[in-house]
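**Q** My questions concern the predicted model and sequence given below.
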Amino acid sequence: MTTPSNEYDRLPIEAVKKVAPSVVSIVISKFLPKIKGVCGLPGQGMPSTPFSNPFLFGEVDPSADGGQKEKISIGGGSGFIVHPDGLILTNKHVVFDQDADYTIITTDLQEYPAKVLSRDPINDIAVLKINANGLPTVRLGNSSKLELGQTVLAIGNALGMFSNTVSRGIISGLSRSISAALGTEGEMEHLRGVLQTDVAINQGNSGGPLINVDGEVVAINTAIIFGAQNIGFSIPINWAKQDLEDIIKYGRIVKPYLGLQYVKLDKKLQKQYSLPVDYGALVVRDHRPDSVAIVPNSPAARAGIKENDIILELDGEKISDELQDMLQKFSAQSEVELTVLRKDQQMKMKVKLEERK
């Protein structure tokens, strides 16, 4: 039996040993009408995913008395333990169905019913709780220090069948923007600032940790692009740190809410649309037919912000980053001052933020 002879091989192996005991599988179940002629179900020889409906082949059993139902496993995902008393981080889209039941399976094959403590209203993050203590936990790293080309590893429940599957690759891109499906009803979430990686992220890996060679979790694996090879996306772990602080302090995830749509300006957009500035947030609706630039009765609406305004500063700080990310520095009840450019007039506006529901 050979052993790795160089640091390039040894470091990832040691990193996986540190993290793997804290990685869990998440089983998604629902009560569904009894069927007959079932050819395959997730968990019974067929892969399950958090993105699909049950693989049911058959017909409703007419002999089932009064529409009798049975509990069926309809999907799977991954998560990781961040507190010895049973706090678990995962993706929001893994536990998006509020009518489903969620079961945690640890690496020693113990099963625990899980409660969804909170779903992040902005990011693809959720926090679960199981009744257990003394659990092995991960160490959270600093995602702001990640660099292009850095080696990373993904650990998760691949295809809902193969727990603690390990994939290895590099950070391929920083601060990407994507749109991803939350559930099966066509609901979409727009994610900004996510990490791109060439690590193999399979369905069922969602919610699992992306780690560095020191065994620190630097991101949460969240999305893949179907039809592409070696293009996956992960949520920076620094976003989740604030969520965990909120859970401990408030019992839920708290995010400040402004209530507007915008496009971050740069030199290219300035030139393309003949705008007076090359920075800031241009208040404008997106491509969806029912989209609005200003949400009615929102803090932005009450402050008098209008479509086509350009927000230049937030509490005296130039909008050189994503406005939504800059807002996260404030509490949900903060009053902030916006510097706004409307046509050729610059003005100051006071806005009282709210908690995002």
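**A** Thanks, I have the structure now. Numbering: from 1, shown residues only.

**Q** pretty sure P12 is touching T151, no?
**A** Yes. Checked against C-beta atoms under 8 Å, the pair P12 and T151 is within contact range at 7.0 Å. The way it works is simple: take the backbone N, C-alpha and C, and place the C-beta from them, glycine included.

**Q** ok, those two, which is more surrounded?
**A** Per other C-beta atoms under 10 Å, whichever of P12 and T151 has more neighbours is P12, with 20 against 16.

**Q** Need the three-state assignment for the more buried one.
**A** P12 carries the three-state label helix when classified by DSSP: H, G, I helix; E, B strand; the rest coil.

**Q** ok, it - contacts?
**A** Under the criterion of C-beta atoms under 8 Å, 6 or more residues apart in numbering, the contact list for P12 reads 151, 153, 168, 213.

**Q** Identify the farthest-apart pair in those residues.
**A** R168 and V213 (9.7 Å; C-beta to C-beta).

**Q** what is in contact with these two at once?
**A** Common neighbours of R168 and V213, using C-beta under 8 Å, 6+ apart, are 12, 151, 153.

**Q** Please, which helix or strand holds the spatially most central residue of the chain?
**A** Closest to where the C-alpha atoms of the chain average out (C-alpha atoms, centre = their mean) is D124, at 2.0 Å. Under the criterion DSSP states H and E, no helix or strand holds D124.

**Q** any low-confidence regions in this structure?
**A** In the predicted model of the chain, residues 1-8, 34-69, 158-163, 177-192, 223-230, 288 satisfy pLDDT under 70.

**Q** can you list the domains in this structure?
**A** 20-129, 139-250, 256-355 (automatic domain parsing).

**Q** circling back to that earlier point, looking at the shared contacts of R168 and V213, which is nearest D101?
**A** The shortest approach to D101 among the shared contacts of R168 and V213 belongs to L153, at 30.4 Å (C-beta to C-beta).

**Q** hang on, isn't that closest one packed against L210?
**A** Yes. Counting by C-beta under 8 Å, L210 is a contact partner of L153 at 7.2 Å.

**Q** Quickly list what's touching both of these two.
**A** Common contact partners of L153 and L210 (C-beta under 8 Å, 6+ apart): V199.

**Q** These two: which is more packed in?
**A** Using other C-beta under 10 Å, the more surrounded residue of L153 and L210 is L210, with 32 against 22.

**Q** My understanding was that the more buried one contacts A200; is that so?
**A** No. Counting by C-beta under 8 Å, A200 is not a contact partner of L210; they are 11.7 Å apart.

**Q** which residues are common contacts for those two?
**A** In contact with both L210 and A200: A154, using C-beta under 8 Å, 6+ apart.
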